[in-house]
Every structure is written in C-alpha cells, then in structure tokens.
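Q: give me the fold of what follows.
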Amino acid sequence: MLKNLLDLLKTIPDPEIPVIDIVELGIVRDAQITGENTCEVIITPTYSACPAMFTIEEDIIKMMKENGWDAKVVTKMFPIWTTDWLTDEAREKLRVYGITPPEKGADEHHIGKPKKCPRCGSEHTKQISRFGSTLCKASYQCLDCLEPFDYFKCH
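A: Next up, the predicted model:
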C-alpha cells in the first residue's frame, strides 16, 4: 500500500519546476497509512520560506482525495532538506530543463566555485544574483555561450 501512496505522490509536479515531481525532488519524506482510508504525508520544503509549499500541500490533499484517501500533510523542518535528496533522475531532468543541479555531497564550500552551464557544459560562468527565479536557486550566466541559467542551491 505504501508504494501505492508514493506512486500517487509521484504524479504531483513541483509547482515551480514542473519537469520533476515532489517525490524525486525529495520534498516528500514519508507517506504512512494511518487508518482504513487515511494517510499522513510528511514533507520538507527545499527552502525554509518556500512559497510553493502551500500549493504542494493542497495538491497532495486533492490528489489523495481523488483516489479515496483522507490525507493529513505534516511539514517537518528538521532535518533540513538537502540537495542530496534529489534522485539522479531528477538531477538529469533539471539539467535538461536548463537548471544546473548541485553535485551530490555539495555544501556551502561549493559557493563561489564555477557552476557548469546546463546548455554547453562550460564552467566559465559567473553568478549574477544569489537568488534566481525562486529562493532555492541562484542566477548564473555562461560566459562562453552567454546564456543565463539557474543553479539549484545546495542546502
């Protein structure tokens, strides 16, 4: 049954990055059956002030209700979300979409290091802004192909 819950949750795209779902992004931490038609879904935001969490919670409740479940969504802030929770498939989807994902194990020591352009692969890039199109991303520009891109910040 747990697999069924996760399969349902995998159909919910991230509202800010629609090419990946909330499970492969690592937002869904757990899903438990709590009764005959009830379940609890534990989520963690990618960024503490992520405005998409309200939409994600509503999407979870709606999806579960459409499939016969009364869902309770619990937001847990600890442990904090980390980009290590991204699946390899999600990292590749981000790259193809034009967002450079952090390497596994990346941490604050990667700040200031060149980010690889998702379009041409160059590391000849520069940070334009610490915050990109969303709080969990930073804006960069490739100095070879001149294309702007987002980098998914490590947390």
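Q: show me the contacts for the spatially most central residue of the chain.
A: In the chain, the residue lying closest to the centroid (C-alpha atoms, centre = their mean) is residue 25, at 3.7 Å. For residue 25, the contact set (C-beta atoms under 8 Å, 6 or more residues apart in numbering) comprises 14, 17, 46, 85-86, 90. Using the backbone N, CA and C atoms, a C-beta is placed for each residue, glycine as well.
Q: write the PyMOL selection for whichever of those residues are buried.
A: The PyMOL selection below is limited to those of the contacts of residue 25 classed as buried (16 or more other C-beta atoms under 10 Å):
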select buried, resi 14+17+46+85+86+90
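Q: what sits up against the helix-or-strand element of the chain with minimal mean pLDDT?
A: Here the helix or strand of the chain ranked lowest by mean pLDDT, DSSP states H and E is helix 2-9, holding a mean of 86. Outside of helix 2-9, the residues within contact range by C-beta under 8 Å, 6+ apart are 21-23, 28, 31-33, 39, 41, 60, 63-64, 67, 69.
Q: identify the farthest-apart pair in the contacts of residue 25.
A: Based on C-beta to C-beta, the longest span within the contacts of residue 25 runs between 17 and 85 and measures 14.3 Å.
Q: circling back: measure the residue nearest to the centre of the chain to residue 16 for me?
A: Residue 25 is 10 Å from residue 16, where distance means C-beta to C-beta, to the nearest Å.
Q: thinking again about what came up before, what about the residue nearest to the centre of the chain, helix or strand, and which?
A: Residue 25 belongs to no helix or strand when assigned by DSSP states H and E.
Q: and it, how far is that from residue 41?
A: In this view, residue 25 and residue 41 are 14 Å apart by C-beta to C-beta.
Q: again with residue 101
A: Separation of residue 101 from residue 41 (C-beta to C-beta): 24 Å.
Q: now swap in residue 135 and tell me
A: Taken as C-beta to C-beta, the spacing of residue 135 relative to residue 41 amounts to 22 Å.
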